[in-house]
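Here is my input; please provide its structure:
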Amino acid sequence: MKIKHIEIKGREIGGKRPQICMPIVAKNYDELMLETGVMITQKPDLVEWRADYFNDIDKIDKVLFALNSLREKLYDFPLLFTLRIDLEGGYRKIDQEYRINLIKEVIKTKKVDLVDFELINDENDIKDITNLAKENGVYIILSNHDFEKTPPKEEIVERLIKAQEIGADIAKIAVMANSTDDLLELLQATYIMKREHAKIPLVTMSMSGKGLLSRLAGGIFGSSITFAAGRDVSAPGQIPANELRSVLGIIEKNMN
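Residues are numbered from 1 along each chain as shown. Now for the predicted structure:
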């Protein structure tokens, strides 16, 4: 099945090589600028601002000011904005109405290239966000996270299909690996989705040390983005970008 590729600032999501994304988890503006400067030297393919870590997240004007500064420093890099809901690993609990409104305000600035929004949100909110994103030239990642377990592969595939059908530009799922069997379940689900159902790029990962292989070799099975650690990790199992890039290079060289 033909998967639609997404190109942002010269980076291809859904192509032959998984793109390396590094998250920024800074707590304040000064940390944000420092972390961004360090990250630029590591040359990731994409940068994710995990804004739920930002202490001033309840002040829209400060969030938008920080975003503007980020965009200026990261003008060459695709920028992903994530304000993660607490139910799926967000750093803090944020009022849902405010959270959705802030995400919409960020989209309307057109200063981000992608926005992550969770599949567990109300379907009307998902439709509002995806429609607004399309109007403003922003790509939407519809994501799902399970920090306790790995569901059966059939359920993983169902969730990815739902994200695709409801309007995602990219469908993402992250599950917790408590065993090697869990890792294999995630990888098999990814491959089935890519081979039989996917029309858009997929992002899948098996979290924890037991799931590390999914971050290193997930591209073989169909995952288009893999997350590396910045100054700190944003999810279990992330490793430094230079180590990840080295492994991806070895795989690309020898799989062609």
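
So residue 200 sits against residue 166, correct?
No. Using C-beta atoms under 8 Å, residue 200 is not in contact with residue 166, being 11.4 Å away. Bear in mind the C-beta positions are built from the backbone N, C-alpha and C, glycine included.

The two: which has the busier surroundings?
When neighbours are counted by other C-beta atoms under 10 Å, residue 200 and residue 166 differ, and residue 200 comes out ahead with 22 against 15.

if I pick the more buried one, what's in contact with it?
Residue 200 makes contacts with 3, 4, 14, 164, 168, 169, 170, 171, as judged by C-beta atoms under 8 Å, 6 or more residues apart in numbering.

Just the pLDDT at the residue lying closest to the last one once chain neighbours are set aside, thanks.
In this case it means residue 171. What sits nearest to residue 171 in space, not counting adjacent residues and going by C-beta to C-beta, 6 or more residues apart in numbering, is residue 163, at 3.8 Å. According to the prediction, residue 163 has pLDDT 98.

Kindly report the same for residue 42.
On the pLDDT scale, residue 42 is placed at 88.

That one: neighbouring residues, count only.
Per other C-beta under 10 Å, the neighbour tally for residue 42 reads 15.

now the host helix or strand of residue 226: how far from the chain's centre is it?
Here residue 226 sits within strand 225-227, counting by DSSP states H and E. With C-alpha atoms, centre = their mean, to the nearest Å as the basis, strand 225-227 stands 7 Å off its chain's centre.

How about the very next helix or strand once past that strand, which residues are buried there?
Elements were assigned by DSSP H and E; along the chain past strand 225-227, the next helix or strand is helix 241-255. By 16 or more other C-beta atoms under 10 Å, the buried positions in helix 241-255 come out as 241, 244, 245, 247, 248, 251.
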